[in-house]
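Chemist: how would this look folded up:
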Amino acid sequence: MDALLLYSFVNLKRVSKIADLGAGSGIVGLLLAKKYPDAEVTLFELQDSLVRLAEKNITLNSLEDRVRVIKTDIREIKTRHSPLVTLHRMVQGVTRHCFDLIVSNPPFRGVKSGLISTGEEKAIARHEISLKLPELIDAVSYLSMAKGRFCIIYHPNRLLELIETMKKRGLEPKRLRFVHSNTSSEAKMTLLEAVNGGRSGMKVERPFYIYKKDGSYTDEMKGIYLHL
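Modeler: Predicted structure coming up:
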């Protein structure tokens, strides 16, 4: 569901090059490729099992001409030893400041916060084992073009940390939306859009509610599924 919420939060009229950092099985990038039929999408993923799954999903959706996967450690994107340094000649178009939209559904739980998920794949996806927030934002700052957009779904109890980390790296938060299970629950997740080199000033949108009181999906949540 987090992936669908992030996908639906993107509201740009036109996009040319999209990057999904920590793409997992590729669901967000694939949905955005269909939402923006003229865009090229690059999925960055570290885990071999998820890279293979993303490649399979690209093929199943017949998007090989516009969507590709790069197996890389996001922490190394800015370093001279990055896999991108040796791969960029083979992977045309992946250079510094080349993406006008970057999205991410990153791990948001600290290693010491709660029980570590069972299994390496889930643990890395949910906990900051292989990628910490500042490292992610460093990569976004490096890959995002001037005035490029960055959309992220993150936990609300780390919202201030997220905003501070972005601003230190020149990413200005511009649009914020809280996600609630229902009208009587506290925020479950946060959707945030930032602009690389943008002016200060942020719009807080109305809350997003997933469920009605009877436990069924709200009309807005149903609408996301209907438009897939």
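Chemist: and the one helix or strand residue 29 maps to, what other elements does it pack with?
Modeler: If you go by DSSP states H and E, residue 29 is part of helix 27-35. Contacting helix 27-35 under the criterion 3 or more Cβ pairs under 8 Å, 6 or more residues apart in numbering; DSSP states H and E are the following elements: helix 2-9, strand 17-21, strand 40-45, helix 48-60, strand 67-71, strand 99-104. C-betas here are computed from N, CA, C, even on glycine.
Chemist: which secondary element of this structure has the worst mean pLDDT?
Modeler: The helix or strand of the chain with the poorest confidence is helix 120-126; it has a mean of 46 (mean pLDDT, DSSP states H and E).
Chemist: Let's see the helix holding residue 29 as PDB, backbone CA atoms only.
Modeler: Only the C-alpha atoms of helix 27-35 are listed here, as PDB (Å, rounded to 0.1, in the frame of the first residue of the first chain):
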ATOM      1  CA  ILE A  27       6.200  -1.400  -8.500                       C
ATOM      2  CA  VAL A  28       6.400   2.400  -8.100                       C
ATOM      3  CA  GLY A  29       8.700   2.900 -11.100                       C
ATOM      4  CA  LEU A  30       6.500   0.700 -13.300                       C
ATOM      5  CA  LEU A  31       3.400   2.500 -12.300                       C
ATOM      6  CA  LEU A  32       5.000   5.800 -13.000                       C
ATOM      7  CA  ALA A  33       6.200   4.600 -16.400                       C
ATOM      8  CA  LYS A  34       2.600   3.900 -17.300                       C
ATOM      9  CA  LYS A  35       1.400   7.200 -15.800                       C
END
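Chemist: roughly how far out does it sit from the chain middle?
Modeler: 11 Å (Cα atoms, centre = their mean, to the nearest Å).
Chemist: Identify each buried residue in it, please.
Modeler: With burial defined by 16 or more other Cβ atoms under 10 Å, the residues of helix 27-35 counted as buried are 27, 28, 29, 30, 31, 32, 33, 35.
Chemist: Contacts for that helix next, please.
Modeler: When contacts are defined by Cβ atoms under 8 Å, 6 or more residues apart in numbering, helix 27-35 is touched by residues 3-4, 6-7, 10, 15, 18, 20, 23, 39, 41-43, 54, 57-58, 61, 63, 66-67, 101, 103, 105, 228.
Chemist: filter those to the buried ones?
Modeler: 3-4, 6-7, 10, 15, 18, 20, 23, 39, 41-43, 54, 57-58, 63, 66-67, 101, 103, 105.
Chemist: Neighbours of residue 49, how many?
Modeler: 11 (other Cβ atoms under 10 Å).
Chemist: Could you list every helix and strand that whichever strand or helix holds residue 148 packs against?
Modeler: If you go by DSSP H and E, residue 148 is part of strand 144-154. Helices and strands touching strand 144-154, by 3+ Cβ pairs under 8 Å, 6+ apart, are helix 2-9, strand 99-104, helix 159-168, strand 171-180, strand 187-196.
Chemist: That's all I had, so thanks and see you.
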